[in-house]
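K.L.:
below: sequence and its predicted model.
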Amino acid sequence: MTTIAIVSQKGGSGKTTLALHIAASAVYAGNQVQVIDTDPQATAAAWGDWRGEFLPEVITCPPVRLFSTVERAKRAGSNVIVIDTPPHGDTASREAVRVADIVLVPTRARAFDLHALEATAGLMAYASKPAHVVFNAVPARATRMLEEAAEAARNLGLSVSPHHFGERAAFHRSAGSGEVAREIEPDGKAALEVDALWGWVCEQVGMPPGE
Ligand SMILES: Nc1ncnc2c1ncn2[C@@H]1O[C@H](COP(=O)(O)OP(=O)(O)OP(=O)(O)O)[C@@H](O)[C@H]1O
Ligand SMILES: [Mg+2]
């Protein structure tokens, strides 16, 4: 059983994309998955509406109700809980980190995004929870950019996931139709990246990829 919080103070860094893709990978691996959307914009919840009856289910929840909502999801049989949070949402981010076993921090690898990472790193410093930066929307052939960004993240005291998501149309296109990348491009690079990250997250929390 694991609870994964997706947290980043920066708008548009890829929180919802990461939350929904990792949750869908967990579903495909055979887990009982609950996505909890704490963002008043309710983007993940809208994706859930477009998706209809296909799993994972997405529910909304105000930050103050997060602890009890997670507990209820566990009692109802969910073994993987993924929490999406708003940008600039101190309360939501703090509550999500509090209930999480592991925190993923999506960020783009550009200068302004790395600057914004400082605020998220500050939040993590008090949390004593394993937190890993996941670089998102990395342009093709940007090896140097990625290395420099990883160093900047480590200098802020954050760990960096060995897996990142490239800038890929499949992430963007799938979201608008309530799907995930693998459902529109089953053998595509985006699908491989998401599954690699899911496998790595499972290793970090000591659970098998599917139950
Ligand atoms: N790896 C990627 N490749 C291509 N497009 C991406 C990628 N990740 C995210 N996007 C696109 O970037 C936009 C922002 O992503 P997303 O909504 O996931 O960010 P967010 O952090 O949840 O934003 P907010 O802070 O507003 O909640 C979306 O249009 C999404 O489809
Ligand atoms: Mg979002």
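P.N.:
It's in. Numbers count the residues shown, from 1 in each chain. Ligands and ions are numbered 1, 2, ... in the order given.

K.L.:
for stretch 39-52, give the mean pLDDT please.
P.N.:
The average pLDDT within stretch 39-52 is 97.

K.L.:
so what touches that stretch?
P.N.:
15-16, 19-20, 35, 37, 56-60, 84-86, 89, 92, 175-179 (Cβ atoms under 8 Å, 6 or more residues apart in numbering). For the C-beta atoms, the positions are set from N, CA and C on the backbone; glycine is no exception.

K.L.:
secondary structure element holding the residue lying farthest from the centre of the chain?
P.N.:
For the chain, the residue at maximal distance from the C-alpha centroid (Cα atoms, centre = their mean) is Arg144, at 24.1 Å. For Arg144, the element it lies in under DSSP states H and E is helix 143-155.

K.L.:
close to ligand 1, is that helix?
P.N.:
No. Judged by Cβ under 6 Å from any ligand atom, helix 143-155 makes no contact with ligand 1; its nearest approach is 13.2 Å.

K.L.:
name the strands paired with the next helix or strand after that helix and say parallel or antiparallel.
P.N.:
For helix 143-155, the succeeding helix or strand toward the C-terminus, using DSSP H and E, is strand 159-160. With DSSP bridges as the test, strand 159-160 is paired with strand 131-135 (parallel).

K.L.:
please pick the buried ones from the contacts of stretch 39-52.
P.N.:
Buried by 16 or more other Cβ atoms under 10 Å: 15-16, 19-20, 35, 37, 56-58, 60, 84-86, 89, 92, 175, 178-179, out of those.

K.L.:
in strands, which of those residues appear?
P.N.:
Val35, Asp37, Glu57, Val58, Thr60, Asp84 (DSSP state E).

K.L.:
wait, isn't the first one in contact with Val82?
P.N.:
Yes. Distance between Val35 and Val82: 5.0 Å, which falls inside the contact criterion (Cβ atoms under 8 Å).

K.L.:
mutual contacts of the two, please.
P.N.:
With Cβ under 8 Å, 6+ apart as the test, Val35 and Val82 both reach Ala19, Ala23, Pro56.

K.L.:
so which of those comes closest to Pro162?
P.N.:
Set against Pro162, the nearest of these by Cβ to Cβ is Ala19 (19.7 Å).
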